[in-house]
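**Q** Okay, here's the prediction I keep looking at, along with the sequence it came from:
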Amino acid sequence: MDTSFFLAWIKEAATAVQAERDHLTQLDAAIGDADHGANLDRGFAAVRQVLADTPPQTPGAVLVQAGSALIRKVGGASGPLYGTAFRQMGRALGEAPEVTPADLVTALEAAQEGVQKLGGAAEGDKTLVDAFAPAVRALAQAVQDGANLEDALQTATAAAEEGARATVPLQARKGRASYLGPRSVGHKDPGAASTALIFAALRRAAGPA
Amino acid sequence: MDTSFFLAWIKEAATAVQAERDHLTQLDAAIGDADHGANLDRGFAAVRQVLADTPPQTPGAVLVQAGSALIRKVGGASGPLYGTAFRQMGRALGEAPEVTPADLVTALEAAQEGVQKLGGAAEGDKTLVDAFAPAVRALAQAVQDGANLEDALQTATAAAEEGARATVPLQARKGRASYLGPRSVGHKDPGAASTALIFAALRRAAGPA
Amino acid sequence: MDGQARPMVGIVIVSHSSRLAEEVAALVREFGGANVPVAAAGGTDDGRLGTSLDKVITAVESVDQGAGVVLIPDLGSSVLTAKLVEEPGSVVIADVPLVEGAIAAAVTVGGGGSLPDVLSSAEEARTFRKL
Amino acid sequence: MDGQARPMVGIVIVSHSSRLAEEVAALVREFGGANVPVAAAGGTDDGRLGTSLDKVITAVESVDQGAGVVLIPDLGSSVLTAKLVEEPGSVVIADVPLVEGAIAAAVTVGGGGSLPDVLSSAEEARTFRKL
Ligand SMILES: Nc1ncnc2c1ncn2[C@@H]1O[C@H](COP(=O)(O)OP(=O)(O)O)[C@@H](O)[C@H]1O
Ligand SMILES: Nc1ncnc2c1ncn2[C@@H]1O[C@H](COP(=O)(O)OP(=O)(O)O)[C@@H](O)[C@H]1O
Ligand SMILES: [Mg+2]
Ligand SMILES: [Mg+2]
Ligand SMILES: [Mg+2]
Ligand SMILES: [Mg+2]
């Protein structure tokens, strides 16, 4: 995977977030403050602007620039979290012009670690970690099993989607929704839903299904 | 003591507070928010207005009306406290047209109890209680010893003034000044100072020295 | 659900600053929902820093639906004035952090909690960690 | 006193609401004195509810006199953004009630307290009783 692969990922993610903006906001209306879709849409628009203004030369630079823009422009808790995820990925990739599937796994593991360190959430706390962590695990396993990139990313996306669905019965223990206590049960976590979109975008960046 | 005695007290107190307004505010500037003089001046002006608009017919009514106006118009912590003091005094006096020195002691004891119940301050907490309590004690003693009213009130006033002076080395444990912790030491408590003024006014209401 | 809205506990934010009271009341609406009965009683009658008994009484009346009212004061005269309007069992002070206590109270009111529920969730805000 | 003012600890109020941050900063000035370096970082760059990293960074810079800065966040994105600008030993989050912690911090800063002093007095606000 080269720089243009990661630019394609960002573009796919931005498009998906824009298309799902109202849905994400609806999910956030149930257990948050009804801004998650708008937050991410604004954030990814800023990312695309930055990438157009100062075109990055490496995969790592794409991700670091994207992360910094998300941190600055999202405005909600998902900004520092996704921003940290992309920046940690970018840092893990360093200056390399070409990224192997194994490198991608390592970078996503670094991203997950950064998100969990910043937000303090474990799996089961009804946050985006509940989609992120199983997706990274599934990808690592598939890559280790020698799956091709498309299949490995398909597996990761399915795991993210399943993780997001599995947040429905959970009670939130981190983020705004945690203030609702038991009333947060019965709703899908908006951040977990957007994480699934971002993994699906990564899958699409690898080529048609 | 009749209704006009208590009206005279209020008038003396209002005049003293107005004259000492800036001094009280300066004291409050050191360990509070620099409004005690203005607060009480506004409060006593409202009291005089109320008493002029609906002239009370008994000592008790003078004090209850005065207390209610202080509670409504002072705006600072001293409003509910002095207001409660005057109202409790008034209630203790009931409908009686004439008040004996012993009645006055009982009424002031009720006032002190009301203030301490509302504000939770004990003597030594660097509040108006540090002037109020010794004044009431001195008055009770003097009345019990058979002193005439002027002398008894003179003793009470001296005790209030001494109590106010004695707040200087104390550390505040109640009210805004308590937030300052050790920095409240070395300043006279503004509420204790105004309590001394109010007892001095009571002394003057009893006749010239 | 019988078409008749169940009475909710009212929340009154008592602050010596009118704008602080308003902002915290806005937060209550944000967390509890637009239906949560909340009123701000901030500052004196004449717009200074301090407390107005009349503002507090008016605020209590405006949010009292019959399920009780919780008063959340900031400090000093707010607390003393709130004490003057307390009525055991129906109008009760919560001795809790202003913002965090109000948010917790709001959520519990929004969830249909009773006055004791609202008070105890507001108390819990004291130990809630942000990190 | 050598004519040179001793550097004071800075306070940054981070709230998802711009007006709430401003009001709490005003309270800090009220309790700590006009000299206390305090700045509000509330809301997003474009004036919505939320947090702006740039506002927080600018606020930290504006109150940093060399004696350290304490960040007092309200919740959610305020806390996460504050964590991104933490620098151990110099720019530190206080996990305390917003209003009560800010008042306690203000008083300690006003009294010339060090960064650890300010943090521990802010922590104590958690247990301070109002009644
Ligand atoms: N501490 C945390 N750790 C992990 N994820 C979190 C945390 N706090 C919030 N989130 C995620 O962020 C999402 C909300 O994002 P968003 O609505 O943009 O921010 P905000 O809650 O500030 O309005 C939640 O659905 C959750 O997945
Ligand atoms: N809890 C309390 N118990 C007794 N007296 C108190 C208490 N709180 C404050 N005071 C008195 O009130 C005085 C301050 O009154 P004032 O300046 O009018 O009110 P505020 O502190 O609200 O500005 C203090 O000097 C103190 O004597
Ligand atoms: Mg949200
Ligand atoms: Mg938000
Ligand atoms: Mg004052
Ligand atoms: Mg005041």
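**A** Yep, it's here. Numbers count the residues shown, from 1 in each chain, chains lettered A, B, ... in the order given. Ligands and ions are numbered 1, 2, ... in the order given.

**Q** excluding its backbone neighbours, what's nearest residue 12?
**A** I went with chain A, as the question did not name one. In space, and not counting its chain neighbours, A:E12 is closest to A:A201: 3.6 Å by Cβ to Cβ, 6 or more residues apart in numbering or on different chains. The C-beta positions use only the backbone N, C-alpha and C, and glycine is treated the same way.

**Q** my bad, chain C
**A** C:V12's closest residue in space is C:A59 (Cβ to Cβ, 6+ apart), at 4.5 Å.

**Q** neighbours around that neighbour, how many?
**A** 26 (other Cβ atoms under 10 Å in any protein chain shown).

**Q** Report whether the helix or strand hosting it contacts ligand 2.
**A** If you go by DSSP states H and E, C:A59 is part of helix C:53-63. No: using Cβ under 6 Å from any ligand atom, helix C:53-63 stays clear of ligand 2, coming no nearer than 13.3 Å.

**Q** In chain C, which helix is the longest?
**A** helix C:18-32 (DSSP state H).

**Q** what angle sits between that helix and helix C:53-63?
**A** Orientation check (axes from the mean of the first three to the mean of the last three Cα atoms, to 10 degrees): helix C:18-32 against helix C:53-63 gives 20 degrees.

**Q** pLDDT (mean, whole number) over helix C:18-32?
**A** The predicted model assigns helix C:18-32 a mean pLDDT of 95.

**Q** Next up, the contacts around the closest residue to A:G32 other than its chain neighbours.
**A** Distances taken as Cβ to Cβ, 6+ apart put A:R176 closest to A:G32, at 4.8 Å, once the chain neighbours are dropped. A:R176 is in contact with A:31-33, A:77, D:75-76, counting by Cβ atoms under 8 Å, 6 or more residues apart in numbering or on different chains.

**Q** swap in A:W9?
**A** By Cβ under 8 Å, 6+ apart, the neighbours of A:W9 are A:201-202, A:205.

**Q** what do you get for C:V91?
**A** Contacts of C:V91 by Cβ under 8 Å, 6+ apart are C:60, C:64, C:68-69, C:71, C:85.

**Q** do that again at 10 Å, thanks
**A** C:10, C:12, C:56-57, C:60, C:64, C:68-71, C:82, C:85, C:115 (Cβ atoms under 10 Å, 6 or more residues apart in numbering or on different chains).

**Q** partner residues bridging it?
**A** With DSSP bridges applied, C:V91 shows beta-bridge pairing to C:V69, C:E87.

**Q** and it, how far is that from C:H16?
**A** 20 Å (Cβ to Cβ, to the nearest Å).

**Q** repeat for A:A138
**A** Taken as Cβ to Cβ, the span from A:A138 to C:H16 is 55 Å.

**Q** can you tell me the helix or strand for the residue nearest to A:A166 when sequence neighbours are not counted?
**A** In this structure, A:A166 finds its nearest non-sequential neighbour in A:D130, 6.6 Å apart by Cβ to Cβ, 6+ apart. Assessed by DSSP H and E, A:D130 sits inside helix A:129-144.

**Q** Let's see that helix as PDB, backbone CA atoms only.
**A** Extracted as PDB, the C-alpha positions of helix A:129-144 are listed here (Å, rounded to 0.1, in the frame of the first residue of the first chain):
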ATOM      1  CA  VAL A 129     -13.200   0.700  21.100                       C
ATOM      2  CA  ASP A 130     -15.800  -2.000  20.900                       C
ATOM      3  CA  ALA A 131     -15.600  -1.800  17.100                       C
ATOM      4  CA  PHE A 132     -12.000  -0.900  16.800                       C
ATOM      5  CA  ALA A 133     -10.500  -3.600  18.900                       C
ATOM      6  CA  PRO A 134     -12.200  -6.600  17.300                       C
ATOM      7  CA  ALA A 135     -11.500  -5.200  13.900                       C
ATOM      8  CA  VAL A 136      -7.800  -4.900  14.600                       C
ATOM      9  CA  ARG A 137      -7.700  -8.400  16.100                       C
ATOM     10  CA  ALA A 138      -9.500  -9.900  13.100                       C
ATOM     11  CA  LEU A 139      -7.200  -8.200  10.700                       C
ATOM     12  CA  ALA A 140      -4.100  -9.400  12.600                       C
ATOM     13  CA  GLN A 141      -5.400 -12.900  12.500                       C
ATOM     14  CA  ALA A 142      -6.300 -12.900   8.800                       C
ATOM     15  CA  VAL A 143      -2.900 -11.400   7.900                       C
ATOM     16  CA  GLN A 144      -1.100 -14.000  10.000                       C
END
